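K.L.:
Have a look; sequence and predicted model below, questions after that.
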Amino acid sequence: MRQQDLARIGMIKEAKYEEQGGVCAGCKKDMDKDEFLHLAHILPQRKWLINKYGEEIIHHPMNMKLTHANDLCNQRVQMSPNKTGIVEKHVKEIASTFIFSH
Ligand SMILES: [Zn+2]
């Protein structure tokens, strides 16, 4: 992984930790800032979803939540890609931020 990607991930993790008040988005228990934590994707980073919505949406901080580094906490964050209405709403919310930032 490139140095700038690692820096970006570190910054997102820190921001998410503050935003979530140090609470895991999966199990709702406290996280230790010094332990290794996961940035879990809400809309999962599957190839067909990346092809459909683009990297900008899938790897956007709004599509991520901070969790403990285990599959159970990570998977609890995930949105089912088959719930089209909920998915479209989520994607639109992320896309709407591009209008103001570009
Ligand atoms: Zn957890």
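P.N.:
Ah, there it is. Numbers count the residues shown, from 1 in each chain.

K.L.:
use CA for all of it now, contacts and neighbours both
P.N.:
Will do.

K.L.:
which residue is nearest the middle of this protein?
P.N.:
Geometric centre of the chain, nearest residue: Met64, 0.9 Å, by C-alpha atoms, centre = their mean.

K.L.:
Tell me if I'm right that that residue and Leu39 touch.
P.N.:
Yes - using C-alpha atoms under 8 Å, Met64 is in contact with Leu39, at 5.9 Å.

K.L.:
returning to what we had before: nearest spatial neighbour of the residue nearest to the centre of the chain, skipping sequence neighbours?
P.N.:
Spatially, and ignoring its direct neighbours in sequence, Met64 is nearest to His41 (4.6 Å; C-alpha to C-alpha, 6 or more residues apart in numbering).

K.L.:
Could you tell me the per-residue confidence at the one you found?
P.N.:
pLDDT, His41: 97.

K.L.:
same question, Met1
P.N.:
So Met1 comes in at 75 (pLDDT).

K.L.:
measure it to His59 for me?
P.N.:
Met1 is 15 Å from His59, where distance means C-alpha to C-alpha, to the nearest Å.

K.L.:
who's more crowded, the two?
P.N.:
Counted by other C-alpha atoms under 10 Å, Met1 and His59 do not tie: His59 has more neighbours, with 16 against 5.

K.L.:
Can you give me the end-to-end span of stretch 79-86?
P.N.:
The straight-line separation of the ends of stretch 79-86 (C-alpha to C-alpha) is 8 Å.

K.L.:
Any idea how many residues pack against Cys73?
P.N.:
19.

K.L.:
just checking, what packs against the lowest-mean-pLDDT helix or strand in the chain?
P.N.:
The weakest-scoring helix or strand in the chain, judged by mean pLDDT, DSSP states H and E, is helix 84-101 (a mean of 90). Where contact means 3 or more C-alpha pairs under 8 Å, 6 or more residues apart in numbering; DSSP states H and E, helix 84-101 is packed against helix 55-58.
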